[in-house]
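Peer 1: need coordinates for the following:
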Amino acid sequence: PGELLAGDPDFRDPAQGAATDKARPQADTPTARWLHLAKEPVAVARVLSRILDARPMGDTRTQGFTSVFQILQTDLQAVIQHPIADAVRDARRSAEWDSLANVLTAVQDGLQAVKADFRKLLKKDCDPLDADTLAQEVARTLRQHAVTLETAITQANRLYEPAE
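Peer 2: From the prediction side, this is the model:
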C-alpha cells in the first residue's frame, strides 16, 4: 500500500510536503494539527476508490485493497481518538465549535461506512457480478465521504489560518 499511495497524485509524501509547507505559513496549534491529521484519510479514500473502480469484472480477490482499507480505518480512528476530538465532543456548540464538530461527524460517519462496506466486500461466495457492482458502489461511497470530509476540514481550517 505504501508504494501504491506514494504513486498517487492525491497522496502527499511527507518529504515532498515539507518543501511546499514552508512556502505557506501553517498554524501550529493542537487544533490545526488535528485538522491536518484529518486530511490524511481523504487521500487514502480516493486511492481505495480508484482501486475498487479498476477491479476487473469478476475478480473478487480482496488482496488488492485489504491493506488500504486497514490504513483508512486506522487513520480515521486516530482522528476520533485524538484529545481534540474529545474536546469537540464536550464543547458547547457555537459557531467556532460547529465547524470542528462537522469534521468529527464526517470522520465518525466515514468510519462506520468503511467498516460496513469492508464487511460486505469480504463476503464469501459472492456472485462475481454482484461483487463487481458492490465494489463500484463502495467506490462511490468512499469518494462521497472523501469530499464530505475535505469540505468540513476546509471550512474548519478557515478559522485557524495564520494571519498574513
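Peer 1: which secondary structure element of this structure has the lowest mean pLDDT?
Peer 2: Counting by mean pLDDT, DSSP states H and E, the weakest-scoring helix or strand in the chain turns out to be helix 14-23, with a mean of 49.
Peer 1: and the helix or strand hosting residue 108, what does it pack against?
Peer 2: Assessed by DSSP states H and E, residue 108 sits inside helix 95-121. Here helix 95-121 touches helix 30-54, helix 66-81, helix 83-90, helix 128-157, going by 3 or more C-beta pairs under 8 Å, 6 or more residues apart in numbering; DSSP states H and E. Backbone N, C-alpha and C define where each C-beta goes, glycine included.
Peer 1: check contacts around the spatially closest residue to residue 73 that is not a sequence neighbour.
Peer 2: Counting by C-beta to C-beta, 6 or more residues apart in numbering, residue 73 lies nearest to residue 114, which is 5.9 Å off, once chain neighbours are set aside. The neighbours of residue 114, taking C-beta atoms under 8 Å, 6 or more residues apart in numbering as the test, are 45, 69, 72, 73, 76, 142, 145.
Peer 1: repeat that for residue 145.
Peer 2: When contacts are counted by C-beta under 8 Å, 6+ apart, residue 145 touches 45, 106, 109, 110, 113, 114.
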